[in-house]
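Asks: I'd like to go over a predicted model; first the sequence, then the structure.
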Protein chains: 4
Amino acid sequence: MDIIVLNRNAAEKDIRHILKKLEGKGLKATISRGTERVVVGVIGDTSKITEEEENAFRVMRGVEEVMRILKPYKLASRDFKDKGTIIKVKGKIIGGKKIPVIAGPCAVESWAMLISIAEKIKAAGASFIRGGAYKPRTSPYAFQGLGEEGLQYLAAASKKTGLPVVTEIMDPRDLETILKYTDVIQIGARNMQNFRLLLEVGKCKKPVLLKRGLSATIKEWLMAAEYVMSKGNHDVILCERGIRTFETATRNTLDLSAVPVLKQKTHLPVIVDPSHGVGKWDLVAPMAKAAVAAGADGLIIEVHTNPAEAMSDGEQSLKPDAFKKLMAELKPVAKAVGREI
Amino acid sequence: MDIIVLNRNAAEKDIRHILKKLEGKGLKATISRGTERVVVGVIGDTSKITEEEENAFRVMRGVEEVMRILKPYKLASRDFKDKGTIIKVKGKIIGGKKIPVIAGPCAVESWAMLISIAEKIKAAGASFIRGGAYKPRTSPYAFQGLGEEGLQYLAAASKKTGLPVVTEIMDPRDLETILKYTDVIQIGARNMQNFRLLLEVGKCKKPVLLKRGLSATIKEWLMAAEYVMSKGNHDVILCERGIRTFETATRNTLDLSAVPVLKQKTHLPVIVDPSHGVGKWDLVAPMAKAAVAAGADGLIIEVHTNPAEAMSDGEQSLKPDAFKKLMAELKPVAKAVGREI
Amino acid sequence: MDIIVLNRNAAEKDIRHILKKLEGKGLKATISRGTERVVVGVIGDTSKITEEEENAFRVMRGVEEVMRILKPYKLASRDFKDKGTIIKVKGKIIGGKKIPVIAGPCAVESWAMLISIAEKIKAAGASFIRGGAYKPRTSPYAFQGLGEEGLQYLAAASKKTGLPVVTEIMDPRDLETILKYTDVIQIGARNMQNFRLLLEVGKCKKPVLLKRGLSATIKEWLMAAEYVMSKGNHDVILCERGIRTFETATRNTLDLSAVPVLKQKTHLPVIVDPSHGVGKWDLVAPMAKAAVAAGADGLIIEVHTNPAEAMSDGEQSLKPDAFKKLMAELKPVAKAVGREI
Amino acid sequence: MDIIVLNRNAAEKDIRHILKKLEGKGLKATISRGTERVVVGVIGDTSKITEEEENAFRVMRGVEEVMRILKPYKLASRDFKDKGTIIKVKGKIIGGKKIPVIAGPCAVESWAMLISIAEKIKAAGASFIRGGAYKPRTSPYAFQGLGEEGLQYLAAASKKTGLPVVTEIMDPRDLETILKYTDVIQIGARNMQNFRLLLEVGKCKKPVLLKRGLSATIKEWLMAAEYVMSKGNHDVILCERGIRTFETATRNTLDLSAVPVLKQKTHLPVIVDPSHGVGKWDLVAPMAKAAVAAGADGLIIEVHTNPAEAMSDGEQSLKPDAFKKLMAELKPVAKAVGREI
């Protein structure tokens, strides 16, 4: 349902023009005449009105504002599906009572490093292993990832530990390769509106972990999920990882209120990445606990055996011991809010 | 006129409750029933509905959203007064074809410094002298201004040059003193929502230069102007001075689009402070020109004879020679957009 | 300690000039010559260098950047006082193991309403009662508070329940009156940089609850605390209440990472206001739990017996029953992070 | 050159460890011991230190902060190339005294529409025609562009009018096709950090118009240009198109100060897109003039013969007559700042 607000200079002719256009689309209208504005309420199924058609009304003579009441996303909405989506990956569950933790290094650097981390996070209670083989780096001169070799290490580490793999895709041309090795496909923050990539992963059968863009609104984020879902893949996991604000004390501002907001708006599971959210290892533990208390369905945490030598994001990585300690500390917090970890 | 959107779970009882509440306030309603939402359009003079009453509707059962169409400001609105406000101060005009330039040091530091600057900006074509006697400084350990002594210097410089004075007020307790010396009262960005101070200057007979708050929306800024105007003082000059964003290459982000937006929404004159907007002296000239091209009714520019020794904001001050050069360069830009300088 | 970076065009003469200026201030320097830049490291007690003097270096010939290593706040810093500050108010403690909850209506509206809320929050376990007698409202036409009458109600409710009072000051001229009735003086977000007000409350003997400004950095916030402390009042409680971002799904973005960041930087207690942070009552509970999990030393929560009729901020107020339920749910979360509530 | 700041708890052992690590990389250091901090200034060619190596220092014991003085971009920097880059495309020049205007519809919708617009903008003085064949739309249900058919129309319109073509690429898989028809390849805001796409267009021989990301800092934007240039394509045109802020009166906040800032930092030409920057057609003209006054090297403006029926962004498109009027009005502004249009 759309609402069209006319300005005080709108003529009767303008109103009639609008009503006629609405009729042409099979819609009816009610008119509310205030002392200074006229408001047209549209009646009927306006969900078929495209963004283009809506914009057309926006520039008609006499129109001051056009408001859309219906959310622009459908498949991702709680209106469409009331019950929370539960995603199963090789025996692990995302969206259930138990809160899975995805852990691992930012980038896969070597087999020795990866397997060492994999075994330690497994022992500490992680449910998934993460690691980047293709890395989006701000500088073209920085380490860009090991590519397929990195994927092979991930798959091998997964085989050895039983932890399913989460890894990032940056380019639709890599999809076929990545699908051979990963269990969950991650879309990074910088690609949240890489629409072509979204459509491609939407055609896959594997779950998609969709990170929030650096300055994406919750609505845009859900529209990105809708892109994936529109192609048939309904297994989308939303991941809050901090938004860009004026504050420089942290790398980003972790928007934990996005968790309960999303729980109202969508049936998709919502997880939190405190490592990227704050960007400093000694702030990760309190924010991980806060995320669980806020209702997160999962966590994604960077762990590295030797942060000082990490090829990417060492600053925000926990050492295995700190991760183990955090996992223990998270248990009572999860229990306090009726969950398990 | 307000619009009330009910969610899909709203019962007929909820709708009746809302209609009854509206009736109680002398208002009528039209109801538009869509497939997923019900929209109530309110008919009548809703401008009397207070923010509190509006919020009350917001928490009624079944209500998803309440939208206000009418702007919350009245006296400041173009709807209220179509013709642009022209403010006259000792023979100088703000809001006319000619673009006045307000220049001077950030803080008044000494008589010798002030009179030297005053004479130079006058020679270069400035219309007003500015200078702070009470300075809002981030640090309690920084120079806080000369107080009344600074005001005396300003008044003396004004007497000698004929340039009216613009100076800032920070505390309602200083109003009486400041009024003895100044021609225009400035409200700084940090005090844009110091509502008590706004009400006090609203009772004065002298024009108020109201800077935009660091993160104030244009609507909030106009509401601040409304505070002043609600007490009878309609001579408010709006001053864009940059907003806070994530960008750190400039001190603030100068929002020049605020100029044409305000020209549509309000009849009040709009001036621009490129010095605070960018915070670096070598960016002031291009942004001053851009402000004039965007339609600004005036400029406020920091000038200092010796920026390297300035007690405040030396980094963004022009030397008198650079100011003179800028004044010359601004003339053809003003002419190009049908103005004079 | 400051670092001065010279650009590649800096001449030996420029470097000598800088060294001489440093010497004049009793400081020494080391010079690091890179292939493209020269870096001057200043040796000695640079804490005495004022902002003005620092800026003077900034505009010297050849200088590209001046960086200050020392934090601009001193009294508020953990470097100054390592142990966390504990504030005692009529037997209640802020900054200890137990997490006090400050609850009450946004604005004091009537005696009947206030005492009803006071008794209910007391029964639910609140430690302080809050309520505004002077209200900073965006609109001059909105309810501005009951003034001294409201303060009298607060004091009476406090006497009856034993809950100390927290109330906001907006104007230095109200200080004397407010001090007669309140136990803790609140500085609201819009006044965080009302420097005159900060200096005035700095001269008081009562604790100051200092809310973070809408777009204040953590550094600016600590500088505001420093303003208060510089006048002798070291009992400052910092209150995170959400910052302004592009996201519109919530009223503000509650920056919970500010809690652990502040715990590192300052010894002052840090509390969280989830009600203003999110602006919607049904998001308050998850964010209150998250705040406790993140390490907050206290909470401030809006409670109203009849939100639909509240004169201010009804949208974000909990009803007493919801507050009671939240208090019960917070207990295990507090315990999970080694605290009590 | 990097600066390493140690905290007050750093031991001599920690300092020695750092010095040894620097030596291992062929670098020397100077040490400045302040009363509270120790600062290590690194001497030598630190441009070879990768981001990873820099981060390694960040997590060493005793380190509080690591600062990089050298800009992370090289090829894009004014330090690398002092003279402004001039880009020639089929007889048109970008980066010279004359300011080219790129005009056309947001999306190519039909041959009739496109050729009609093309002839009108040519007559009004535009230098390039723009139009999208692949459209990044927020909704998967919105018009996504005509694809290759749209490109064919663009090429045909170009042939008829002599105006070179600017069109957007969204997916590396489209590059070969797009190169057959376009003269300048546009990278949209949402793809500014689509690093794989940047590397692909970096291998092309055609100029790249690189829009600023919605929340990209100027430094990140220049790093994106560096990605393109690192593959050999040095013909990059930077396009400011508004950043995301809290202000909702405009679609984005057009950051015109980015123009003079970039003129200092880079030799690449900088153009401005006021249509996306403000998102409302009636604000385009003042902001276009402001952009020219601020020193822009070009403009990109949306023009549509029938905005009310446009399939994308009709709200911000000028009709041909308004565009013609604007072109006439821009001439004196350009002249006023020593340019031509």
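Replies: Yes, it's here.

Asks: quick one: mean pLDDT over stretch A:322-334.
Replies: For stretch A:322-334, the mean pLDDT works out to 98.

Asks: now stretch A:284-291
Replies: 98.

Asks: now do that stretch: everything it contacts.
Replies: A:240, A:254, A:256, A:259, A:272, A:274-275, A:277-278, A:299, A:301-302, A:316, A:318, A:322, A:325-326, A:329-330, A:333, C:256-257, C:259-260, C:290-291, C:293-295, C:336-337 (CB atoms under 8 Å, 6 or more residues apart in numbering or on different chains). In this view, the C-beta of every residue, glycine as well, is placed from N, C-alpha and C.

Asks: distance check, A:Lys17 against A:Phe57.
Replies: Quick fix: residue A:17 is His, not Lys. Look at A:His17 and A:Phe57: by CB to CB, to the nearest Å, they are 10 Å apart.

Asks: which one of those two has more residues nearby?
Replies: Neighbours per residue (other CB atoms under 10 Å in any protein chain shown) separate A:His17 from A:Phe57, with A:Phe57 holding more: 20 against 16.

Asks: ok, now which ones touch the residue of the stretch 51-200 of chain A found nearest chain B?
Replies: Minimum separation of the stretch 51-200 of chain A from chain B (CB to the nearest CB) falls at A:Ile69, amounting to 5.1 Å. Shown in contact with A:Ile69 (CB under 8 Å, 6+ apart): A:1-3, B:5, B:34, B:37, B:39, B:65.

Asks: narrow those to those in strands?
Replies: Residues of the contacts of A:Ile69 located in strands (DSSP state E): A:2-3, B:5, B:39, B:65.

Asks: most neighbours, which of those?
Replies: B:Val39 leads those on contacts (other CB under 10 Å) with 28 neighbours.

Asks: let me know the secondary structure of whichever residue of the stretch 201-341 of chain A sits closest to chain D.
Replies: Across the stretch 201-341 of chain A, no residue is closer to chain D than A:Ser215, which sits at 3.4 Å (CB to the nearest CB). Using DSSP: H, G, I helix; E, B strand; the rest coil, the structure places A:Ser215 in coil.

Asks: dump the residue contacts of it.
Replies: Contacts of A:Ser215 (CB under 8 Å, 6+ apart): A:243-244, B:246, C:246, D:214-215, D:244.

Asks: mind redoing it with 6 Å?
Replies: A:244, D:214-215, D:244 (CB atoms under 6 Å, 6 or more residues apart in numbering or on different chains).

Asks: and the residues you listed, which two are furthest apart?
Replies: A:Arg244 and D:Leu214 (9.3 Å; CB to CB).

Asks: which parts of the lowest-mean-pLDDT helix or strand in chain A are buried?
Replies: Least confident helix or strand, chain A: helix A:51-58 with a mean of 78, by mean pLDDT, DSSP states H and E. Residues of helix A:51-58 classed as buried: A:51-52, A:54-58 (neighbour count, 16 or more other CB atoms under 10 Å in any protein chain shown).

Asks: can you redo these as JSON lines with distance to B:Asp171?
Replies: Shown next, in JSON lines, are the buried residues of helix A:51-58 (distance: CB to CB, whole Å):
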{"residue": "A:Glu51", "distance to B:Asp171": "50"}
{"residue": "A:Glu52", "distance to B:Asp171": "54"}
{"residue": "A:Glu54", "distance to B:Asp171": "49"}
{"residue": "A:Asn55", "distance to B:Asp171": "49"}
{"residue": "A:Ala56", "distance to B:Asp171": "53"}
{"residue": "A:Phe57", "distance to B:Asp171": "50"}
{"residue": "A:Arg58", "distance to B:Asp171": "46"}
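
Asks: now do the buried residues in the lengthiest helix in chain A.
Replies: Using DSSP state H, we find that the single longest helix of chain A is helix A:320-336. Using 16+ other CB under 10 Å as the test for burial, helix A:320-336 gives A:320, A:322-324, A:326-327, A:329-336.

Asks: which residues are contacting it?
Replies: Residues contacting helix A:320-336 (CB under 6 Å, 6+ apart): A:99, A:120, A:124-125, A:285, A:289, A:292-293, A:303, A:340-341, C:293, C:332-333, C:336.

Asks: let's see that with 8 Å instead.
Replies: With contact meaning CB under 8 Å, 6+ apart, helix A:320-336 is reached by A:99, A:101, A:103, A:117, A:120-121, A:123-126, A:281, A:284-285, A:288-289, A:292-293, A:299, A:301, A:303, A:305, A:318, A:340-341, C:289, C:293, C:329, C:332-333, C:335-337.

Asks: filter those down to the buried ones.
Replies: Counted by 16+ other CB under 10 Å, those give A:99, A:101, A:103, A:117, A:120-121, A:124-126, A:281, A:284-285, A:288-289, A:292-293, A:299, A:301, A:303, A:305, A:318, A:341, C:289, C:293, C:329, C:332-333, C:335-337 as buried.

Asks: now A:Lys263: how far from chain B?
Replies: Separation of A:Lys263 from chain B (CB to the nearest CB, to the nearest Å): 16 Å.

Asks: okay, A:His267: pLDDT?
Replies: A:His267 carries a pLDDT score of 98 in this model.

Asks: in contact with it, which residues?
Replies: Residues in contact with A:His267 (CB under 8 Å, 6+ apart) are A:76-78, A:80-85.

Asks: from these, which would you call buried?
Replies: A:76-78, A:85.

Asks: lowest-confidence one in those residues?
Replies: A:Arg78 (91).

Asks: so what's the backbone phi/psi at it?
Replies: phi -70, psi -20 (degrees, to the nearest 10).

Asks: output stretch A:101-121 as PDB, restricted to C-alpha atoms.
Replies: Provided in PDB are the C-alpha atoms of stretch A:101-121 (Å, rounded to 0.1, in the frame of the first residue of the first chain):
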ATOM      1  CA  VAL A 101      30.800 -20.500  16.800                       C
ATOM      2  CA  ILE A 102      32.700 -20.200  13.600                       C
ATOM      3  CA  ALA A 103      36.400 -19.700  14.200                       C
ATOM      4  CA  GLY A 104      39.700 -19.600  12.300                       C
ATOM      5  CA  PRO A 105      42.200 -17.200  10.800                       C
ATOM      6  CA  CYS A 106      41.400 -14.300   8.700                       C
ATOM      7  CA  ALA A 107      43.400 -15.700   5.800                       C
ATOM      8  CA  VAL A 108      44.600 -19.200   5.200                       C
ATOM      9  CA  GLU A 109      48.400 -18.800   5.100                       C
ATOM     10  CA  SER A 110      49.800 -22.300   5.200                       C
ATOM     11  CA  TRP A 111      48.800 -25.900   6.000                       C
ATOM     12  CA  ALA A 112      50.800 -26.100   9.200                       C
ATOM     13  CA  MET A 113      49.200 -22.900  10.500                       C
ATOM     14  CA  LEU A 114      45.700 -23.900   9.500                       C
ATOM     15  CA  ILE A 115      45.600 -27.400  10.900                       C
ATOM     16  CA  SER A 116      47.100 -26.200  14.100                       C
ATOM     17  CA  ILE A 117      44.400 -23.600  14.500                       C
ATOM     18  CA  ALA A 118      41.700 -26.000  13.400                       C
ATOM     19  CA  GLU A 119      42.600 -28.600  16.100                       C
ATOM     20  CA  LYS A 120      42.700 -25.900  18.800                       C
ATOM     21  CA  ILE A 121      39.400 -24.300  17.900                       C
END
